[in-house]
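J.: model the structure of this input:
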Amino acid sequence: MRFIRDIHAEKAAAGKPTISFEFFPFKTPEGEATFFGKTLPALMTANPDYASVTYGAGGSTREKTLEIVEQIQNDFRLTAMAHLTCIKHTQDEIDAILDEADNRCIQNILALRGDPPPGEDWSQMEGGFEFASELVTHIRSRGGFGVAVAGFPEGHIDCSEGREVDWQRLVQKIDCGADMVITQMFFHNADYFRLADYLDGAGMKAPLFPGIIPVANAGQVKKFSAMCGAKLPKAFAARLDELGEDAEAVREYGIEYATAQCRELLDRGVPGLHFYTLNKSKAVLQILGNLGLA
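T.: Numbering: from 1, shown residues only. Okay, the predicted model is just below:
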């Protein structure tokens, strides 16, 4: 497999955006069978450039995350990136995870502070890292991995000092050695471009990949937006309310909205599109088809 930074560089040189997908570990054997038997084969028809696999709150899916990344790479020949969080891990445990990733031929890590398990507050482990920037520095000091970090166009929900303070911390993560930034989901493109301008003004050259989520369920997206602080545009939220319980109409509207969002982003030169797939394929494939990228 390859470093994602090299994949991006090749696509950028050819004037093409990268297309990538995010997945989460399965809760049941049936979910795993569906993913590897149907969902991922369908998504592979879009010729994605890479994928990422999330890490549960508090590191709760550590082993499964690495297993899924390894299987994606081995069975589908698709470069994949493992999420890795600071929370609930000592430096020794982090090193053990990185050793295992290396043994599984995983070359790309998304370095995160991470979220605490439900009902718990954030606290630094004794002998662990407090900030994602420290994790980036540590991974870089070991060598052998490409490193991505998360960016928050509206500022991290836990950053009470405001979004520009959070953006300063993103600059620090890049300065510590991050190759690229993948954003949290957002629904106002202006928020993405505001962050992009800030990073450009700070002299940051790491590509900023917008994270896009196709809305398929109104209640679900409202829950997600509340959890991560991504504001829903008033007209968008009002339309979801109008559609109510009509699941198919909500899905089609979500595809329409995401298509328009992606089209503007591409027209203004974003380096690629990163889709939060929720382990589903139809909406993402339809969006890419609408954009002429499938």
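
J.: and the lowest-mean-pLDDT helix or strand in the chain, what's buried?
T.: Lowest on mean pLDDT, DSSP states H and E among the helices and strands of the chain sits helix 218-228, with a mean of 82. Using 16 or more other C-beta atoms under 10 Å as the test for burial, helix 218-228 gives Ala218, Val221, Phe224, Ser225. Bear in mind the C-beta positions are built from the backbone N, C-alpha and C, glycine included.

J.: then stretch 83-102?
T.: Of the residues in stretch 83-102, His83, Leu84, Thr85, Cys86, Ile87, Lys88, His89, Ile94, Ile97, Leu98, Ala101 count as buried by neighbour count, 16+ other C-beta under 10 Å.

J.: quick check: phi and psi on the fourth one?
T.: Cys86 has phi and psi values of phi -70, psi -40 when expressed as degrees, to the nearest 10.

J.: over to the last one?
T.: Geometry field for Ala101 lists phi and psi as phi -60, psi -40, criterion degrees, to the nearest 10.

J.: can you pull the contacts of it?
T.: Residues counted as contacts of Ala101 (C-beta atoms under 8 Å, 6 or more residues apart in numbering) are Leu66, Val69, Ala82, Leu84, Ile109, Phe145.

J.: tell me how many other residues surround Gln172.
T.: The tally of other residues near Gln172 (other C-beta atoms under 10 Å) stands at 17.

J.: my guess is it contacts Ser133, does it?
T.: Yes: with contact defined as C-beta atoms under 8 Å, Gln172 reaches Ser133; the gap is 4.8 Å.

J.: show me what contacts the closest residue to Lys282 other than its chain neighbours?
T.: Leaving aside its sequence neighbours, Lys282 sits nearest to Ala42 (C-beta to C-beta, 6 or more residues apart in numbering; 7.8 Å). Ala42 is in contact with Ser281, Lys282, Leu285, counting by C-beta under 8 Å, 6+ apart.

J.: tell me where the model's unsure across the chain.
T.: 56-61, 116-125, 127 (pLDDT under 70).

J.: okay, strands next: where are they in it?
T.: Assigned by DSSP state E, the strands in the chain fall at 18-23, 50-53, 80-85, 108-112, 146-151, 180-185, 208-212, 272-276.
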